[in-house]
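J.: Here is my input, please return the structure:
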Amino acid sequence: MNKHTRTLATALVTTLALGVTGCSGGAKSGGSDRKNPAASTNGAVVGGTPQKGGTLTVLSNQDFTHLDPARNWVMPDMDFGTRLLYRTLVTYKAEPGAKGSELVPDLAEDLGTPSNGAKTWTFRLKPGLKYEDGTPITAQDIKYNVERSFSPDLPGGPDYAARYLAGAKGYQGPAQGRHLDSVKTPDARTIVFELHTAFAEFPFAATLPTFAPVPPKQDKGPQYDSRPFSSGPYKIETYARDKQIVLVRNPHWDPKSDSVRKAYPDRIVVTMGLKGNQIDDRLIASSGSDASAVPWAQLRPESISKVLTKADVKARLLAESSSCTEMVQMHTGRAPFDDLKVRQAVQWALDREAIVTAAGGPAVTDASSAAMPGSLFTGGKQPDTLKIPLSGDPEKAKQLLKEAGKADGFSTRLTVSVNDKAIGEAIQQSLGRAGIKVTIETVDPSAFYDTIGDTKNRTDLVYTGWCPDFPSGTTFLPFVFDGRYIKAKGNSGNHSLFRDDATMKRMDEIAAMTDGAQANKAWQELDGQILAKAPVAPGAMKRRSLLVGTNVAGAYGHTSWSGQIDYATVGLKDPSKSAN
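T.: Numbers count the residues shown, from 1 in each chain. Coordinates of the predicted model:
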């Protein structure tokens, strides 16, 4: 083992954790200094300590995007999957506030041992780990899931393996009996990852569902999405897509091997297909079985005032910072957005104050002025490198369009999630002031990422966001702006289809830096340089506003899951009052 490498990796992981500690309280951005009455619940636990038993209900307006660990890369879905159904090599502490950003071993005995200049990482599994049928969890099963994440028929999942594993270029998964030589399993409890470049942050990547086990005998390709095999505290009893999923206890999960998951409820029932306003009203009333319920999606904008004006209801509100930024991403490879002037016109026309209002107002939303969230900048606040007024400048936008030969404007289409229809209308109106006529296309949330990830058939504009998988620019800018990883199907992150040689060269230079502080500063500078090339127009940063029922306990927004409820610890005050 290279002693310097071990010291470097440990120091960098510690620095990253401390970086989140300094800005986990929902730092403001984009120059907004308006009062934030909802943020008073940040870091708080609602309902006290849960009692074991009962049924926790989740009220949802949608199905999951994916539960297959090879494809699961949407923050709330990852929270649900990795806290309830499957375990990963490493995970995050189950604690509110800054402590939730700290890493702890999960299936592995420790956070991994680096060697070879942080190009090799070795993990040793805990003894006695079992699946839901009592069969042993092996290192080979983790290797298998890493390999299947490369399969063309399983798109959309985390691609850290593709970016970092040695010899991974062109690999298409294990279906044809091919395996990755860079993932070695010398025995059933040891797994070794060989990377093509140093990656001291690898333990953070090992929290992702890619590094959960999948037994080859249980794999059913795309159908595995409907019935992932459990290595966690719960297993799937029934799953009717778009309707309901029921989880029951996994009798072979051993709490002695798991310091994170408390598994308080006996059952967890997710009821899907409900309308957002219906969910909000039911949770505000909190009667009957709804008293033992939590929401999947955040409060609708029109419901915010109903909650903030009632002290007893507001006391049940979670509003943790999501650490995500949302933006208008423009198809830079397709006219007219292949013209820098046109893209800059969108940046100047966009009314971010209108977006904040449409998203529920300054109580739960801040305007954004950068690509990366404030948590990745020194001081916890986004810089404003573009110096564009929050309400936009339509006259400046018109001038830019004139310079691009579009003095009469043009027509285009924008895709938004159904949940963001009001935001889509705010974008439509603000771009319309500059002569850009926008047609809105709404998509069900569960199909949204697959829709915008189809690069051939998608619209010119999409309104979407990105959440860092861990507190580093490494996990943000390369995933949103590196053109080398654009996919025809299942494209994630880089929805502007931005391919810029100078940007990609600089990303490689920063990734090679061994000084964490130097790299952080370089990522921050690169953020502004990318915005000047205008592949995106910054939009907003939301706090995840979640209202829980009166019988719910142990609820808090987890900082590492974009403010979503931590399913590792949530439960009920009185299980006897829940539905059977």
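J.: I figured Thr185 hits Ile191, correct?
T.: Yes: if you go by C-beta atoms under 8 Å, Thr185 and Ile191 touch, sitting 5.4 Å apart. Heads up, the C-betas are built off the backbone N, CA and C, glycines and all.
J.: list residues touching both of those two?
T.: 139, 143 (C-beta atoms under 8 Å, 6 or more residues apart in numbering).
J.: how close does Lys169 get to Gln176?
T.: As for Lys169, its distance to Gln176 is 17 Å (criterion: C-beta to C-beta, to the nearest Å).
J.: rewinding a little: neighbour count for Thr185 and Ile191, which is higher?
T.: Comparing Thr185 with Ile191 by neighbour count (other C-beta atoms under 10 Å), the higher total belongs to Ile191, at 29 against 17.
J.: Dihedrals phi and psi, that one?
T.: phi -130, psi 140 (degrees, to the nearest 10).
J.: For Pro213, see how far away the closest residue to it other than its chain neighbours is.
T.: Spatial nearest neighbour of Ile191, excluding adjacent residues (C-beta to C-beta, 6 or more residues apart in numbering): Ala139 at 4.0 Å. Going from Ala139 to Pro213 by C-beta to C-beta gives 8 Å.
J.: So between those two, which is more surrounded?
T.: The residue with more neighbours, out of Ala139 and Pro213, is Pro213; 27 against 24, by other C-beta under 10 Å.
J.: Helix, strand, or coil at that one?
T.: coil (DSSP: H, G, I helix; E, B strand; the rest coil).
J.: right, and it touches Tyr86 too?
T.: Yes: with contact defined as C-beta under 8 Å, Pro213 counts as touching Tyr86 (7.1 Å).
J.: so what sits against both of these two?
T.: With C-beta under 8 Å, 6+ apart, Pro213 and Tyr86 have common neighbours Ser231.
J.: Skipping its backbone neighbours, what lies nearest Ile440 in space?
T.: Here the residue nearest Ile440, using C-beta to C-beta, 6+ apart, is Gly424, at 4.4 Å.
J.: what's the neighbour count on the one you found?
T.: The number of residues near Gly424, taken as other C-beta under 10 Å, comes to 24.
J.: For my notes, confirm it occurs in a helix.
T.: Yes: using three-state DSSP, the assignment for Gly424 is a helix.
J.: any idea how far it is from Ala162?
T.: 32 Å.
J.: same thing with Val246?
T.: 34 Å.
J.: How about Phe64?
T.: From Phe64 to Ala162 the distance is 23 Å (C-beta to C-beta).
J.: of these two, who's got more company?
T.: Shown here are Phe64 and Ala162; by other C-beta under 10 Å, Phe64 has more neighbours (24 against 17).
J.: Double-check the more buried one against Phe80; I have them as touching.
T.: Yes: with contact defined as C-beta under 8 Å, Phe64 and Phe80 form a contacting pair (7.1 Å).
J.: Can you report how many residues lie near Thr459?
T.: 18.
J.: who does the one helix or strand Thr464 maps to touch, helix- and strand-wise?
T.: Under the criterion of DSSP states H and E, Thr464 resides in strand 461-466. Strand 461-466 makes packing contacts with strand 325-330, strand 410-417, helix 421-432, helix 445-452 when contacts are defined by 3 or more C-beta pairs under 8 Å, 6 or more residues apart in numbering; DSSP states H and E.
J.: go again using 7 Å as the cut-off
T.: strand 325-330, strand 410-417, helix 421-432 (3 or more C-beta pairs under 7 Å, 6 or more residues apart in numbering; DSSP states H and E).
J.: contacting residues around it?
T.: 324-330, 412-416, 420, 423-424, 427, 452, 476, 479-480, 493, 495, 539 (C-beta atoms under 7 Å, 6 or more residues apart in numbering).
J.: Now do the SS call for the residue lying closest to Met513 once chain neighbours are set aside.
T.: Nearest residue to Met513 in three dimensions, chain neighbours excluded: Ala519, at 4.2 Å (C-beta to C-beta, 6+ apart). Ala519 falls in the helix class when you classify it by three-state DSSP.
J.: wouldn't Ala519 be in contact with Ala512 here?
T.: No: counting by C-beta atoms under 7 Å, Ala519 stays clear of Ala512, with 9.0 Å between them.
J.: Mind checking which of these two has more residues around it?
T.: Per other C-beta under 10 Å, whichever of Ala519 and Ala512 has more neighbours is Ala519, with 20 against 10.
J.: Pull up the per-residue confidence for that one.
T.: With respect to pLDDT, Ala519 has a value of 93.
J.: Distance check, it against Arg334.
T.: Distance from Ala519 to Arg334, by C-beta to C-beta: 33 Å.
J.: mind listing the helices for the stretch 201-350 of the chain?
T.: 202-205, 276-285, 304-308, 311-314, 340-349 (DSSP state H, counting those that start in this stretch).
J.: pLDDT weak spots in the protein?
T.: 1-42, 580 (pLDDT under 70).
J.: Going by contacts, tell me the helices and strands next to the longest strand along it.
T.: The longest strand of the chain (DSSP state E) is strand 536-547. Packing partners of strand 536-547 (3+ C-beta pairs under 7 Å, 6+ apart): helix 276-285, strand 293-295, strand 317-321, strand 325-330, helix 352-358, strand 365-367.
J.: Take those and write them to a markdown table, including mean neighbour count and distance to Gly465.
T.: A markdown table is the format used below for the helices and strands packed on strand 536-547 (neighbours: other C-beta atoms under 10 Å; distance: least, C-beta to C-beta, whole Å):
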| stretch | mean neighbour count | distance to Gly465 |
| --- | --- | --- |
| helix 276-285 | 19 | 18 |
| strand 293-295 | 25 | 19 |
| strand 317-321 | 28 | 13 |
| strand 325-330 | 26 | 4 |
| helix 352-358 | 22 | 12 |
| strand 365-367 | 27 | 12 |
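J.: How many neighbouring residues does Lys577 have?
T.: With other C-beta under 10 Å as criterion, Lys577 counts 15.
J.: roughly how far apart are the closest residue in space to it that isn't next to it in sequence and Pro105?
T.: In this structure, Lys577 finds its nearest non-sequential neighbour in Asn551, 5.4 Å apart by C-beta to C-beta, 6+ apart. Taking C-beta to C-beta as the measure, Asn551 falls 33 Å from Pro105.
J.: before we move on, the earlier item: tally of neighbours for the residue nearest to Lys577?
T.: The number of residues near Asn551, taken as other C-beta under 10 Å, comes to 23.
J.: tell me the phi and psi of it?
T.: Torsion angles, degrees, to the nearest 10, at Asn551: phi -100, psi 10.
J.: so it sits right up against Gly571, yeah?
T.: No: applying C-beta under 7 Å, one finds Asn551 not in contact with Gly571, separated by 9.8 Å.
J.: Let's have the helices and strands packed on strand 461-466 in CSV, adding distance to Pro468.
T.: Converted to CSV, those look like this (distance: least, C-beta to C-beta, whole Å):
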stretch, distance to Pro468
strand 325-330, 9
strand 410-417, 20
helix 421-432, 21
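J.: So which of these is nearest Ala70?
T.: Shortest separation from Ala70 across the helices and strands packed on strand 461-466 is recorded for strand 410-417, at 23.2 Å, computed as C-beta to C-beta.
J.: list the helices and strands the closest one packs on?
T.: Counting by 3+ C-beta pairs under 7 Å, 6+ apart, strand 410-417 packs on helix 421-432, strand 436-443, helix 445-452, strand 461-466.
J.: quick one: that strand to chain centroid distance?
T.: 24 Å (C-alpha atoms, centre = their mean, to the nearest Å).
J.: So what sits opposite Leu56 in the bridge?
T.: Ile268 (DSSP bridges).
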